[in-house]
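Peer 1: Got a predicted structure plus its sequence, pasted below:
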Amino acid sequence: MATTVASTASAVGKPMTREEKKVIFASSLGTVFEWYDFYLYGTLAAIIGKQFFSNLDPGSQVIFSLLAFAASHSRVLSARCRNPGIAISSRSHRATVLRLTLSLLASPC
């Protein structure tokens, strides 16, 4: 344990490499897009509810439109939990797994 603390303490003063900066920028950009998507859908939930759930009262319209948004995210989370491609992608076949995943996402269910 003392070795881990010492190695971490010595890395604190080092400047970040170009790769580390790129990873931080890419993950931050992905988070910004994800939160923008959430904000936009939440803002438009009333309009989406009126368009797709017009036979319900206004409160239920908003609730059902937000449930539809939640269902789309639960599908992604369950796919990440059940995806056998994660084990494959940890090897050297990342491009193949990416193409397979994108083609599956583009195909109708």
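Peer 2: Looks like it came in fine.

Peer 1: okay, now G49: neighbour count?
Peer 2: 21 (other Cβ atoms under 10 Å). Heads up, the C-betas are built off the backbone N, CA and C, glycines and all.

Peer 1: Just to check, it is in contact with A68?
Peer 2: No: assessed by Cβ atoms under 8 Å, G49 is found out of contact with A68, at 9.1 Å.

Peer 1: list the contacts for K14?
Peer 2: Under the criterion of Cβ atoms under 8 Å, 6 or more residues apart in numbering, K14 has no neighbours.

Peer 1: in what helix or strand does K14 lie?
Peer 2: Using DSSP states H and E, K14 sits within no helix or strand.

Peer 1: So which elements touch the host helix or strand of V23?
Peer 2: Using DSSP H and E, V23 sits in helix 18-43. The contact analysis (3 or more Cβ pairs under 8 Å, 6 or more residues apart in numbering; DSSP states H and E) places helix 18-43 against helix 58-82.

Peer 1: can you give me the mean pLDDT across the helix it packs on?
Peer 2: For helix 58-82, mean pLDDT rounds to 75.

Peer 1: Stretch 29-42 too?
Peer 2: What stretch 29-42 shows for mean pLDDT is 85.

Peer 1: quick revisit: could you point out the helix or strand that follows the helix holding V23?
Peer 2: On the C-terminal side of helix 18-43, the closest following helix or strand by DSSP H and E is helix 45-52.
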